[in-house]
Structures are given as structure tokens and as C-alpha cells.
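Engineer: Need a 3D model of the following:
(2 chains)
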Number of protein chains: 2
Amino acid sequence: MALLSGLTPVLLALLCLVVGFLLLRSQETSKTTSRKDSKDKERPWVDQDLQDDSETTTAGGGGEDDDWADPAEEEDLAHVPYAPPRYSEESMLQRSTDFYRLMNQRRSVRFLSPEPVPRDVIDRVIHTAGTAPSGAHTEPWTFVVVSDPETKHRIRLIVEEEEEVNYRQRMGDKWVQDLARLRTNWIKEYLDVAPYLILIFKQTYGILPNGKKKTHYYNEISVSISCGILLAALQNVGLVTVTSTPLNCGPQLRLLLNRPANEKLLMLLPVGYPAADATVPDLKRKKVEDIMVHV
Amino acid sequence: MALLSGLTPVLLALLCLVVGFLLLRSQETSKTTSRKDSKDKERPWVDQDLQDDSETTTAGGGGEDDDWADPAEEEDLAHVPYAPPRYSEESMLQRSTDFYRLMNQRRSVRFLSPEPVPRDVIDRVIHTAGTAPSGAHTEPWTFVVVSDPETKHRIRLIVEEEEEVNYRQRMGDKWVQDLARLRTNWIKEYLDVAPYLILIFKQTYGILPNGKKKTHYYNEISVSISCGILLAALQNVGLVTVTSTPLNCGPQLRLLLNRPANEKLLMLLPVGYPAADATVPDLKRKKVEDIMVHV
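Structural biologist: Next comes the predicted model:
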């Protein structure tokens, strides 16, 4: 006991050190947490639903999947000769100029006409989007085409409700002052008006016949490339759209449209003819020399 | 002192508790770390370089940026009437069918001809890619066009070296056995042969005139959409490519090409005519009813 009581000051000192250390650590933890919290508050646009492993890690294919044309399955596929049409240099120049002019006419348009659009054209345009390359040829896209007025309206309600929350959280008091002006932003009339809404879902994984999950490498990049081809196909037939990414609406819209859990909403495109009085902001595009470098 | 020595057992017990607690915590920490490590090992395809805040959080624009056509700056821009060409329904059907057929001819091709391709065509095709929509009209893309044989060869060396490491790490012992077969995969002859390599960089942020960084929302999606339009433009003039995402080569290629720190390599496209004896795997695409749902 005498030995023990002699140790008491040492034990006390040790205890103080340990408690001090613990306090320091817990402070650090709470600092990290609060930093994260404040970061979340600074980034209210983060859509948790869109995050999945394959995207947050920018996953590539294993092995030869690194080349999209080169999925493992191709090892077993016969190779066939490939000879696309060959044009004269003069014709190539003309075709490239014509296609540039056509694409350069494309603008994001929010004022759509309710006029009906032939269904066959929409089907053809989506079929065209499906010709895009994809990681390991997984074709990880689902295009949900909504023409039912009731469903369109429900989509509008979901999108506008989330948008209003987005604006409120972001703008705080300013929201109250600017309500009238803001309404023109979070009110999405085109969701009712457009004859078609195309909701583009990325399939974050596939389901194999044995029920196991199959990773869809680069699914977001693949679906976005497909969307680029879709925009070109729409422009080619004189239809307009606006590329929107409805924030935090994915889960609700997925349920509304009965899409499975491996699908996540990436984009929503209202599609139709432009309204007779449609306007677009007078934006300029960068010159080719500002986006291109030659080596 | 008697009081203190009476306290000794209590202090000892407290000390034991505190030390035990500390041990538990450090164990948890190391568990988390090792779980992360093993996850990294299971996902050797993760390209750390491609990760940036705006992508890993799938950042959207603040406020009205949620609609890409609707950046804050547009508030200050004049609106102008928009009236693109209008086609008859018959013409729309014909145009959509023709464009589908053209795009459906596109295949990823790895056997390219060394024949020269007119520079003007390449410039026009890239200018076309630059008409893509982008988050808040940031146009976050840089297209580096490489025709210099020495630079192409350096790119090939970098890509093949990384690819070999990728294969070795992934395949382990199997690599040794299958070397001959694998060589056909990690050897990228087309990087020397193609008259042009187009390296597509995403600008993860912009630099304002005052030197501050400006977030480029949705930069990866925007650049991928732009790539979709680029693929359409290439196909339209009879050129071929393969959409590749060179794994872990981004930093080296960025330095080789003197691109700034805000640019990250997203894709590498060798571009040219197909070789006379080019082949492609006999892949099928999904039917339109398998990628489209009508509501």
C-alpha cells in the first residue's frame, strides 16, 4: 500500500495526460465534423442520390476494359470486316461544315410548344442515342419517355417542390424579398407543356442471370455521351430541349416511374417544338482556338 | 497523502478504463483504414487523378444553375428570339431515320490507317463538339490535337507502360502465362499510327480575372456530352475512333502536353480513316424497346 500510495502522484499525472489527449482528439473529431457540416452547407447542390461507388471512384474497367471497344466478352466474339462510307476530302469538308452549322444552331430552350410531335420520331431519336459507345459495351441507359399529362404534372410537382426547397435553403432571407423574381426560376412550366419528357437514367450496375450484380464501369460518362448523341439527333429534326439535372429529385422520380434500384436519374429533357415566341439568352460560344490546342 | 493513497485503486481503475477506451478507438481507426485499403486493392482501376470535388459530389449549380441553360449570368443577358428550322413530319421521320442509320454505322475501331486527314476537318469537328451545352455555360473542355509523331510516340509509351502495370497488378501469375495474348491488349499501336490523337481534358475549375477559382459544375457530364457530339461529327465525315479512358496516365500526359493543373484527362481518341483490313467484334446493340420505356 505504501508503494501504491507513493505511485499516486505519478498515476494522477498519467491520468491528466491521458484525459488531455482524449480531449484533444475529441476536439479534432468535432472540428472535422463541423468542417464537413459547413462544407455541406456551402454545397447545398450535392445530390446524394447520384453518388455511387462506380462514379465517386471514377471506376474504369478491369483489364482491357480500359478501352471501351475492348470488353472481356469480345475475346469470344468473331471479328468482322469494317468499312464505313469513305468521302472525298471536299465532301468531308462540306459535311463537317454543314454538321457544325446544324449543331451550332442548337440552344437550350425553355419555352416549348404544346404541339404534338410524332412518336416515331421520338423513338428513332432514342434509338440513335442507344448507338453510343459504353464501358465494356454495357449500354447502361434507360430512356423513360413521358407523354401522359397526369404523370408529367406529377413530375412537375416533384421537381418544383425540390427546387423551392433548394432556393429557400440557398437564399435564406433573400428568398423572401426576391420571391417574385425567383418564381420565374423554380417554376418549370415546360414540364407540363412539353409533349414529351425524356428522363435519362444511368444503370449503376446490371443484374446477371444468376442474380449477381455486374458493375457498369463508366456508366455516368457513357450515359452522358449517349445524351450528346441524343441532343444531336433532336437538333437534326428541329426539336428543342434543355439539359436539366433535377437536384435531389432522383429517388422520388424513380419511384414515380417504377424504375428499379440500380437506375439513377441523370438528366431530364423536356422535348418539343420551340414556342412561337421562344427566346434564348444572347450567349456566345468560345472560338475554336480557345478550346483546341495543336501539338 | 492518506486521502490520496486511498484514491490510488480508484485512479488505477480509471486509468485502466481510459487506456482501454483509447485502445478500442485506435483499433476502430485501423479497422476503417484497412477496410479502405482492401477496397482499394479490389478496385485497381480507380483513377485517383480523375477525382475532384465537383465530380465526387456530383455537384450541381447553385440556384438556377440546376438548369444548364439558366446560369446566373444569364440574368444580365438580353434574350433574343429563337426560331430554328421547322421540318414537315414526313421530313422529320426521314431525317431521324437517316441520322439513326449514320450513327448506327459507328463502331469503336482500333485499326486505323496512317493516311493523312485534312486538318480543317479536324478543326471543324472539334468546333462542333464545342457547341455542347455545359453547366452554367462554362464550356469546361480543352481538346488537345496531337499530330506530331514524336509526341504521339511519347503518349504511346506512357499509356503502354501504365497499361502493363495495370495488367501485371490485376493478373498476377496469370499474366506470365498469358503474356503473348495480353500483349495484344496493352500494346496500343494505333497511338503511333493514327494521324491524330485527340486528348479531351475536363477543366475542373476556371480561373477568374482576379485569380480566384470558379467551380465548373457538372464538368465531367458536360465534357462527356461534348464527346458524344464529337463522335457524331467524326462519324458524319467517315472518320473512326475508339473511346478510351487511359487509366492512371492523366498526370503524366497532362505534364507532357503542358496543360494547367485545373485540367484533367478524361478521354483519349485516336482519329483517322479505318485501316483497309479493319475489323470490329461482332457486337449487337440492344433493341430500342429494351432501352426505352413509355409512360
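Engineer: Can you show me the helices along the stretch 151-295 of chain A?
Structural biologist: With DSSP state H, counting those that start in this stretch as the criterion, the stretch 151-295 of chain A has helices at A:173-177, A:179-186, A:190-193, A:219-236, A:250-256, A:288-291.
Engineer: Turn those into a markdown table, including distance to chain B.
Structural biologist: Backbone N, C-alpha and C define where each C-beta goes, glycine included. Below are the helices of the stretch 151-295 of chain A laid out as a markdown table (distance: least, CB to the nearest CB, whole Å):
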| stretch | distance to chain B |
| --- | --- |
| helix A:173-177 | 10 |
| helix A:179-186 | 4 |
| helix A:190-193 | 10 |
| helix A:219-236 | 2 |
| helix A:250-256 | 9 |
| helix A:288-291 | 4 |
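Engineer: Tell me which of these sits most buried.
Structural biologist: With neighbours defined as mean count of other CB atoms under 10 Å in any protein chain shown, those peak in mean count at helix A:219-236, which reaches a mean of 27.
Engineer: Give the other helices and strands that that one contacts.
Structural biologist: Helices and strands touching helix A:219-236, by 3 or more CB pairs under 8 Å, 6 or more residues apart in numbering or on different chains; DSSP states H and E, are helix A:53-56, helix A:89-104, helix A:119-129, strand A:141-146, strand A:196-203, strand A:263-271, helix B:89-104, helix B:219-236.
Engineer: hey, which of the ones you listed is tucked in deepest?
Structural biologist: helix B:219-236 comes out most buried of those by mean count of other CB under 10 Å, with a mean of 27.
Engineer: okay, that helix in PDB with CA atoms only?
Structural biologist: Coordinates of each C-alpha in helix B:219-236 appear next as PDB, following Å, rounded to 0.1, in the frame of the first residue of the first chain:
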ATOM      1  CA  ASN B 219     -17.800  19.400 -65.800                       C
ATOM      2  CA  GLU B 220     -17.400  15.700 -66.400                       C
ATOM      3  CA  ILE B 221     -21.000  15.300 -67.600                       C
ATOM      4  CA  SER B 222     -20.700  18.400 -69.800                       C
ATOM      5  CA  VAL B 223     -17.400  17.200 -71.400                       C
ATOM      6  CA  SER B 224     -18.900  13.700 -71.900                       C
ATOM      7  CA  ILE B 225     -21.900  15.200 -73.700                       C
ATOM      8  CA  SER B 226     -19.500  17.200 -75.800                       C
ATOM      9  CA  CYS B 227     -17.600  14.000 -76.600                       C
ATOM     10  CA  GLY B 228     -20.900  12.400 -77.800                       C
ATOM     11  CA  ILE B 229     -21.300  15.300 -80.300                       C
ATOM     12  CA  LEU B 230     -17.700  14.900 -81.300                       C
ATOM     13  CA  LEU B 231     -18.300  11.200 -82.100                       C
ATOM     14  CA  ALA B 232     -21.300  12.100 -84.200                       C
ATOM     15  CA  ALA B 233     -19.300  14.700 -86.100                       C
ATOM     16  CA  LEU B 234     -16.500  12.200 -86.800                       C
ATOM     17  CA  GLN B 235     -18.900   9.600 -88.000                       C
ATOM     18  CA  ASN B 236     -20.500  12.100 -90.200                       C
END
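Engineer: Let me know the average pLDDT across that helix.
Structural biologist: Here helix B:219-236 scores 97 as its mean pLDDT.
Engineer: For stretch A:123-132, output the C-alpha coordinates as PDB.
Structural biologist: Extracted in PDB, the C-alpha atoms of stretch A:123-132 (Å, rounded to 0.1, in the frame of the first residue of the first chain):
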ATOM      1  CA  ASP A 123     -38.500   6.500 -80.900                       C
ATOM      2  CA  ARG A 124     -35.900   7.000 -83.700                       C
ATOM      3  CA  VAL A 125     -34.100   9.700 -81.800                       C
ATOM      4  CA  ILE A 126     -33.800   7.500 -78.700                       C
ATOM      5  CA  HIS A 127     -32.700   4.500 -80.800                       C
ATOM      6  CA  THR A 128     -30.000   6.800 -82.100                       C
ATOM      7  CA  ALA A 129     -28.800   7.700 -78.600                       C
ATOM      8  CA  GLY A 130     -28.500   4.000 -78.000                       C
ATOM      9  CA  THR A 131     -25.700   3.700 -80.600                       C
ATOM     10  CA  ALA A 132     -23.300   5.500 -78.200                       C
END
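Engineer: Out of the helices and strands packed on helix A:219-236, the one nearest residue A:291 is which?
Structural biologist: helix B:219-236 (9.1 Å; CB to CB).
Engineer: Next, the angle helix A:89-104 makes with that closest one.
Structural biologist: 140 degrees (axes from the mean of the first three to the mean of the last three CA atoms, to 10 degrees).
Engineer: the inter-axis angle of helix B:219-236 versus helix B:119-129?
Structural biologist: Using the same axes, to 10 degrees: helix B:219-236 against helix B:119-129 is 140 degrees.
Engineer: got the angle for helix B:219-236 vs strand B:263-271?
Structural biologist: 10 degrees.
Engineer: Let me know the angle separating helix B:219-236 from strand B:196-203.
Structural biologist: Using the same axes, to 10 degrees: helix B:219-236 against strand B:196-203 is 160 degrees.
Engineer: Identify whichever of the helices of the stretch 151-295 of chain A lies nearest to residue B:146.
Structural biologist: helix A:288-291 (15.4 Å).
Engineer: Residue A:116: how many residues sit nearby?
Structural biologist: 12 (other CB atoms under 10 Å in any protein chain shown).
Engineer: Tell me who's in contact with it.
Structural biologist: Residues near residue A:116 by CB atoms under 8 Å, 6 or more residues apart in numbering or on different chains: residue A:195.
Engineer: can you tell me how far it sits from residue A:195?
Structural biologist: 5 Å (CB to CB, to the nearest Å).
Engineer: now residue A:120
Structural biologist: Plainly put, residue A:120 is 13 Å away from residue A:195 if you go by CB to CB.
Engineer: With respect to residue B:91, which of the helices of the stretch 151-295 of chain A lies nearest?
Structural biologist: That would be helix A:219-236 among the helices of the stretch 151-295 of chain A, by CB to CB, at 10.8 Å.
Engineer: Format the helices of the stretch 151-295 of chain A as a markdown table; extra columns: distance to residue A:125.
Structural biologist: Shown next, in a markdown table, are the helices of the stretch 151-295 of chain A (distance: least, CB to CB, whole Å):
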| stretch | distance to residue A:125 |
| --- | --- |
| helix A:173-177 | 38 |
| helix A:179-186 | 28 |
| helix A:190-193 | 18 |
| helix A:219-236 | 4 |
| helix A:250-256 | 21 |
| helix A:288-291 | 26 |
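Engineer: Not counting sequence-adjacent ones, nearest residue to residue A:79?
Structural biologist: residue B:279 (3.9 Å; CB to CB, 6 or more residues apart in numbering or on different chains).
Engineer: Quickly list what the one you found is bridged to.
Structural biologist: residue A:81 (DSSP bridges).
Engineer: Go ahead and confirm it touches residue A:83.
Structural biologist: No. Residue B:279 is not in contact with residue A:83 according to CB atoms under 8 Å; the separation is 9.9 Å.
Engineer: Of the two, which one has the most company?
Structural biologist: residue B:279 (17 against 11).
Engineer: ok, that one - contacts?
Structural biologist: Going by CB under 8 Å, 6+ apart, residue B:279 touches A:79-82, B:111.
Engineer: Among these, show me the least confident.
Structural biologist: For the contacts of residue B:279, the pLDDT minimum is residue A:79, 90.
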